[in-house]
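# please find the sequence and the predicted model below.
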Amino acid sequence: MLTKKRNLSSDRCFAPEPVQRQIARQFFDSISTLPLVCPHGHVEPALLANPAARFGSPTELLILPDHYIFRMLYSRGIPLEALGIPTKDGTPIETDHRQIWQIFADHFYLFRGTPSGLWLKDELINVFGVDEPLNSRNAGNIYDYLEKQLALPEFSPRALFKRFNIEVLCTTDAASDNLEYHQSLHQEDFTQIRPTFRPDAVVNLDVIGWRENLAQLERAVGREISTYAAFIQALEERRAFFKKMGATATDHSAATPYTARLSDPEAEAIFARALNNKLNPSDVEQFTGHMFMEMARMSVEDGLVMQMHCGIMRNHNPAIFERFGSDKGADIPLQIEWTQNLRPLLNAYGNNKDFHLILFGLDESSYSRELAPLAGHYPAVLLGPPWWFHDSVSGMERYFNQVMETAGLYNTAGFNDDTRAFVSIPARHAVWRRVACNWLAGLVVRGLIEEEEGYDMAAAVAYDLAKDAYKLQRRD
C-alpha cells in the first residue's frame, strides 16, 4: 500500500487573484461532472471491442503509446531503443518493461512544468491513487503497485471508460479499414465508439507506401483502382460505409491548407503518374489541394463534418523515421498561410449550409490574423481547439486571448483530446475546462460578461460546442 503524500491542487490552472479564482472555482464546479465528449483522437478501438482486454504493463500503458513522452526523453539523449520502441529492421531493443519504467522514473523531472507532466501526475494520482512523486528510488514499488491495479477488473479499458464518464469517443481510421472492431461493438449495442474517416494514406501521394495503401483500398472496395474516377468512387463508397458505422466526421492532414480545383483530365493525369511512380515535383501539392476540394464536395453531399489539421512537417528527423517510422516525436510545426490557400475551397463551399469545416493549425501567429476572422465570417467554418504543441495551459490561454473576441465562442468547436494515451483523457479535459473557466472568470471580473452568462459559456465550452460541431446528439 502506498502512503498518501500529496494531491493535485484543487486550484490548478486558476489565477492567483482571489476574486477571479473564486469565480473560476464556481464555474468549474458547475461543469466538472458533465460527460466527456471525445470527437477526435487516436485510441485504438480494439482496446474497447474485447470485454476481456487489458492494458498490459505500466510501461505499455503510460510510455509506449505516448510520443510526447519519448520525444522529451530522446531530446535529453535517451535512445528510443532503450525505451522499447520497435525498429523497422527488427534490430534489438529493450524488452524489459521494468527497466524502461526505471529510465522513465529516473528522468521524470524532465516533465516538470509541461502539459505531459501535469497529465501524468493527474493520471497517477486520480486514476491509480499513486500519491508519491515518481522518482528513481520508488520506481520499482510504484511499478509493482500499478501492475496489481491494472490486473483488477475495475481497471479494464471498459471499466475505465465508464468511470471516466465518456459519452462518446471517436477513433481515427484509414479509408481502407474494415472497421471490424466498430462492427463488433455495434453488435453489442456499444455505439458510443464511432469511427472517423481519414484518407491521408491514399490522398497524399507522397506518403511512404502509397501504392500499398492504395492496394488496401482496392481490397476494401473489392476491385482494381486504375483511374482517378475509380479512386473518387471508391472514396465515396468508403465514406458511406463509415457513416453507416456511426461516423460523423472526416479528418485530413497536410503541411499547408492549399486548395485548388483541378480539371478531371488534370487530376487523372497526376493519378496516372502516381500509379507509374513518375510524379512531377508539383504533383503532390496540386493533387492534395484538389482532394481537399473533393472532400469538401463530398461533405456537402453526405453531411460528414470535415476536419483539416495543417501546419506540421512530419518526420523532420530522417534518421529516426528511417529506423523507427512515423509518430516518434520528430514532427515540427510550420509557419503557414490560410487566407489565400483556403479561398478556393471557401468560395466554393464556405457559404453552403450543408458544409461544416473545422480548422486546426499549429502556427499561433495565424490565430488572430487569419483563423479567427475566417471562423467569424464563414457560416461553414468553426475553429478547433489549440492542437498538439499548444494543448497546454499557456497554449489554451493564448488561444482564448487571440481568438475569441473576433471569432466568438460559438464559432469554435469546443475541445478534443486528440490522444493515443487512453488514461490521459480525463486529465486533458480537466485542463481545458479549468483554463476555460479561469478565462471566463477573468471576463466577469473585468465586467465584460455577466456571471450568469459565464455559467452558460462554461457548459458550452466543456460539452455543447463539441456535440454541435461534430453533429453528435445533444443531451436532454
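Okay, I see it.
# contacts and neighbour counts: CA atoms only from here.
OK.
# what about Ala269, distance to Ser32?
According to Cα to Cα, to the nearest Å, Ala269 and Ser32 sit 54 Å apart.
# ok, now Ala53?
Using Cα to Cα, Ala53 is found at 29 Å from Ser32.
# just Ser176 next, same as before
From Ser176 over to Ser32 the distance is 38 Å, taken as Cα to Cα.
# more neighbours: which of those two?
Neighbour count, other Cα atoms under 10 Å: between Ser176 and Ser32, Ser176 has more, with 23 against 18.
# for the spatially closest residue to the more buried one that is not a sequence neighbour, what is the enclosing helix or strand?
Closest residue to Ser176 in three dimensions, ignoring its sequence neighbours and counting by Cα to Cα, 6 or more residues apart in numbering: Leu217, at 4.6 Å. Assessed by DSSP states H and E, Leu217 sits inside helix 210-221.
# following that helix, which helix or strand comes up?
Heading C-terminal from helix 210-221 (DSSP H and E), you reach helix 228-244.
# what residues does Cys437 make contact with?
24-25, 27-28, 458 (Cα atoms under 8 Å, 6 or more residues apart in numbering).
# now the helix or strand hosting it - C-alpha only, CSV.
Take DSSP H and E as the rule and Cys437 turns out to sit in helix 425-445. Output of helix 425-445 as CSV, limited to C-alpha atoms (Å, rounded to 0.1, in the frame of the first residue of the first chain):
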residue,chain,number,x,y,z
ILE,A,425,-8.4,11.6,-21.5
PRO,A,426,-9.9,12.9,-18.2
ALA,A,427,-6.7,14.8,-17.3
ARG,A,428,-6.7,16.6,-20.7
HIS,A,429,-10.3,17.5,-20.5
ALA,A,430,-9.8,18.8,-16.9
VAL,A,431,-7.0,21.1,-18.0
TRP,A,432,-9.2,22.5,-20.8
ARG,A,433,-12.2,23.0,-18.5
ARG,A,434,-10.1,24.7,-15.8
VAL,A,435,-8.4,27.1,-18.2
ALA,A,436,-11.7,27.9,-19.9
CYS,A,437,-13.4,28.6,-16.6
ASN,A,438,-10.5,30.8,-15.5
TRP,A,439,-10.7,32.8,-18.7
LEU,A,440,-14.4,33.2,-18.3
ALA,A,441,-13.9,34.3,-14.7
GLY,A,442,-11.5,36.9,-16.0
LEU,A,443,-14.2,38.3,-18.3
VAL,A,444,-16.6,38.5,-15.4
VAL,A,445,-14.2,40.4,-13.0
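# for the helix or strand just after that helix, buried residues please.
Later in the chain than helix 425-445, the nearest helix or strand by DSSP H and E is helix 451-459. Going by neighbour count (16 or more other Cα atoms under 10 Å), the buried part of helix 451-459 is 451, 454-455, 457-459.
# and those residues, which two are the farthest apart?
Largest separation among the buried residues of helix 451-459 by Cα to Cα: Glu451 and Ala459, giving 12.9 Å.
# and Ala240, what does it touch?
Ala240 makes contact with Asp302 under the criterion Cα under 8 Å, 6+ apart.
# quick check: pLDDT value at it.
pLDDT for Ala240: 98.
# same deal with Ser10?
Ser10 is given a pLDDT of 95.
# what's around the nearest residue to Glu285 once chain neighbours are set aside, how many residues?
Spatial nearest neighbour of Glu285, excluding adjacent residues (Cα to Cα, 6+ apart): Tyr258 at 7.6 Å. Per other Cα under 10 Å, the neighbour tally for Tyr258 reads 24.
# and what of the one 4 residues further on?
Counted with other Cα under 10 Å, the burial measure for Leu262 works out to 16 neighbours.
# same thing with Ala53?
Neighbours of Ala53 under the rule other Cα under 10 Å: 13.
# is it in contact with Ser156, as I believe?
Yes: between Ala53 and Ser156 there is a contact at 6.7 Å, judged by Cα atoms under 8 Å.
# who's in contact with the residue nearest to Glu285?
Contacts for Tyr258 (Cα under 8 Å, 6+ apart) come out as 285, 288-289, 338, 341-342.
# would you mind measuring from Leu217 to Arg273?
18 Å.
# higher neighbour count, the two?
The residue with more neighbours, out of Leu217 and Arg273, is Leu217; 26 against 14, by other Cα under 10 Å.
# and the more buried one, what does it touch?
175-176, 234.
# same question for Asp283.
Contact partners of Asp283, counting by Cα under 8 Å, 6+ apart, are Ile270.
# could you report the pLDDT at it?
98.
# just Lys5 next, same as before
Reading off the model, Lys5 has pLDDT 67.
# residue ranges with poor pLDDT in the stretch 51-200 of the chain?
The stretch 51-200 of the chain contains no residues with pLDDT under 70.
# confidence score at the residue nearest to Gly350 when sequence neighbours are not counted?
For Gly350, ignoring the flanking residues on the chain, the nearest one in space by Cα to Cα, 6+ apart is Ala380 at 5.1 Å. Looking at Ala380, its pLDDT stands at 98.
# can you report how many residues neighbour Ala380?
Neighbours around Ala380, by other Cα under 10 Å: 21.
# swap in Ala82?
Applying other Cα under 10 Å, we find 16 residues neighbouring Ala82.
# please report how far the closest residue to Pro426 other than its chain neighbours lies from Phe422.
Sequence neighbours aside, Phe164 is the residue nearest to Pro426 in space, at 6.4 Å (criterion: Cα to Cα, 6+ apart). Distance, Phe164 to Phe422, by Cα to Cα: 10 Å.
# who has more neighbours out of these two?
In this view Phe164 and Phe422 are compared by other Cα under 10 Å, and Phe422 has more residues nearby, 21 against 17.
# just to check, the more buried one is in contact with Leu47?
No: in this structure, Phe422 is not within contact of Leu47 by Cα under 8 Å, at 9.2 Å.
# this completes my enquiry, with thanks.
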